[in-house]
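Q: okay, sequence plus prediction incoming.
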Amino acid sequence: MMDFINFLGSNLGDFWAYTGFANATWQHFAMIAIGIFFIYLAVAKEFEPMLLIPIGFGMLIGNIPFNMEAGLQVGIYEQNSVLNIFYQGVQQGWYPPLIFLGIGAMTDFSALISNPKLMLVGAAAQFGIFGAYMIALLLGFDPMQAGAIGIIGGADGPTAIFLSSKLAPNLMGAIAVSAYSYMALVPVIQPPIMRLLTTSKERVIRMKPPRAVSHTEKVMFPIIGLLLTCFIVPSGLPLLGMLFFGNLLKESGVTRRLAETARGPLIDVITILLGVTVGASTQASEFLTIDSILIFGLGALSFVIATASGVLFVKFFNLFLKEDNKINPLIGNSGVSAVPDAARISQHVGLEYDPSNYLLMHAMGPNVAGVIGSAVAAGVLLGFLL
């Protein structure tokens, strides 16, 4: 009888050693709390639910404690585990170009084609990337890490993952979560900056209606865009190539099934895999570090710089434009590539000051330019850092 009790006690002890309760640390619970907070923001506040729910739930998955020495093959960093296989798409940079294919297939570049000077607004907002890069260098990060951190300022999650997988794989989890977090917080971060940097007169500037864009122009744009950007930054080809290819599928008018697949089922599947694996990569032992905290701080700073740069550039540019051709500075924030949320913020803030002044179509110009600009910036960083 005693032997049976000892045997049973031994088995129960072994079982307990395998449970999450026995292997949990405060760090696991901290990350689980952050994951639940992300889900709360998505459900209660509707902040980027398509991103924050997969990432938040991925955080829960990645922070279930287990015995690392047991060889259970369940952790995202354990070779050949299911999660590790899914994570290869992040580590090897497969997912971001496929996301860009879907973005291209759902993006209408008409606002940019009809008013090409708005490309400059999108370019100006990329100063946040290089501003954060220089600050990261001053804080002691090496150039490759600083480049990966700086891309957060573009508010472009796929580009941040693509670049960090090449330059700083050990920081990729913190960089990806930071980039997606600030994309979701666009409605919170940007409006105060826009109000602070504009005057009451500037906020009610009315822009000329965009001209109609022909079908030929829409078809030629992705072809010319690919050749121009990739001849300048060939290292951006995986992202820019897929972005413009997706747009050609949409605008050609003869590949509707392919365009529907790219912007529908394909991007949905990749978004799920990307979000869950990025979230799961925030394992407490790998994620809760001083560097991660610094990355979140630098990410916020780069996003603020990017927003301010776009608004201030429009104010500067207006000095050289005729009175009837001026640009409303409230669309300067949309130079970041959080499509279409940043453009919606331009519209929302503009309507606060003039309920009949609709800025959305104008803001979509620099917004889609920001998508191109962040990919070009990533190519530039890859070009001189690798």
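A: Here it is on my side, so go on.
Q: can we go C-alpha only for contacts and neighbour counts from here?
A: Will do.
Q: for V376, which non-adjacent residue is closest in space?
A: Distances taken as C-alpha to C-alpha, 6 or more residues apart in numbering put G236 closest to V376, at 6.0 Å, once the chain neighbours are dropped.
Q: and A306, how many neighbours?
A: 33 (other C-alpha atoms under 10 Å).
Q: then the one 10 residues further on?
A: For F316, the tally of surrounding residues (other C-alpha under 10 Å) stands at 11.
Q: tell me the buried residues in the helix or strand where I293 lies?
A: Using DSSP states H and E, I293 falls within helix 290-318. Of the residues in helix 290-318, 292, 295-296, 298-315, 317-318 count as buried by neighbour count, 16 or more other C-alpha atoms under 10 Å.
Q: helices or strands up against that helix?
A: helix 118-125, helix 127-138, helix 143-150, helix 172-184, helix 186-197 (3 or more C-alpha pairs under 8 Å, 6 or more residues apart in numbering; DSSP states H and E).
Q: can you do 6 Å?
A: helix 118-125, helix 127-138 (3 or more C-alpha pairs under 6 Å, 6 or more residues apart in numbering; DSSP states H and E).
Q: mean confidence for the shortest one?
A: Going back to what we said before, that points to helix 118-125. The pLDDT scores in helix 118-125 average 90.
Q: which residues touch it?
A: When contacts are defined by C-alpha atoms under 6 Å, 6 or more residues apart in numbering, helix 118-125 is touched by residues 306, 309-310, 335-336, 365-366, 369-370, 373.
Q: the same query, at a cut-off of 8 Å, please.
A: The contact list for helix 118-125 (C-alpha atoms under 8 Å, 6 or more residues apart in numbering) reads 112, 154, 305-310, 313-314, 332-336, 365-370, 373.
Q: how about the last one?
A: Helix 127-138 is touched from outside by 143, 146-147, 149-154, 298-299, 301-307, 309, 377, with contacts defined as C-alpha under 8 Å, 6+ apart.
Q: quick one: secondary structure of L249?
A: Recorded secondary structure, L249: helix (DSSP: H, G, I helix; E, B strand; the rest coil).
Q: that one contacts M106, doesn't it?
A: No: using C-alpha atoms under 8 Å, L249 makes no contact with M106, being 9.7 Å away.
Q: what's the overlap in contacts for these two?
A: A259.
Q: so the two - more neighbours on which side?
A: Ranked by neighbour count (other C-alpha under 10 Å), L249 and M106 place L249 first, with 23 against 20.
Q: for P340, what are its contacts?
A: Neighbouring residues of P340 by C-alpha under 8 Å, 6+ apart: 364, 367.
Q: next one: phi and psi at it?
A: Here is the backbone geometry of P340 (degrees, to the nearest 10): phi -100, psi 10.
Q: need the pLDDT of it.
A: Per-residue confidence (pLDDT) for P340: 83.
Q: cool, L8 as well?
A: We have a pLDDT of 66 for L8.
Q: ditto for L137
A: 91.
Q: same question for L381.
A: 90.
Q: in this structure it contacts G147, no?
A: Yes: the pair L381 / G147 is scored as a contact, 6.3 Å apart, by C-alpha under 8 Å.
Q: so between those two, which is more surrounded?
A: Set L381 next to G147 and count neighbours by other C-alpha under 10 Å: G147 wins out with 29 against 26.
Q: what separation do you get for the more buried one and T25?
A: Going from G147 to T25 by C-alpha to C-alpha, to the nearest Å gives 32 Å.
Q: in contact with G246, which residues?
A: 100-106, 259, 262 are the contacts of G246 under C-alpha under 8 Å, 6+ apart.
Q: determine which two of the residues you listed are furthest apart.
A: With C-alpha to C-alpha as the measure, no two of the contacts of G246 lie farther apart than F100 and A259, at 12.4 Å.
Q: more neighbours, the two?
A: Each of F100 and A259 has its neighbours counted (other C-alpha under 10 Å); F100 has more, 28 against 25.
Q: roughly how far does that one sit from V219?
A: Distance from F100 to V219, by C-alpha to C-alpha: 18 Å.
Q: how about V43?
A: With C-alpha to C-alpha as the criterion, V43 and V219 are 38 Å apart.
Q: swap in I305?
A: From I305 to V219 the distance is 34 Å (C-alpha to C-alpha).
Q: burial measure for K201, as a count.
A: When neighbours are counted by other C-alpha under 10 Å, K201 registers 9.
Q: I misspoke; the intended subject was G56.
A: 30.
Q: list the contacts of the helix or strand where it lies.
A: Per DSSP H and E, G56 falls inside helix 49-62. Outside helix 49-62, the residues that touch it by C-alpha under 8 Å, 6+ apart are 31-32, 34-39, 41-43, 75-76, 177, 180-181, 184, 271-272, 275-283.
Q: filter the residues you listed to the buried ones?
A: By 16+ other C-alpha under 10 Å, the contacts of helix 49-62 give 31-32, 35-36, 38-39, 41-42, 75-76, 177, 180-181, 184, 271-272, 275-283 as buried.
Q: no further questions, thank you.
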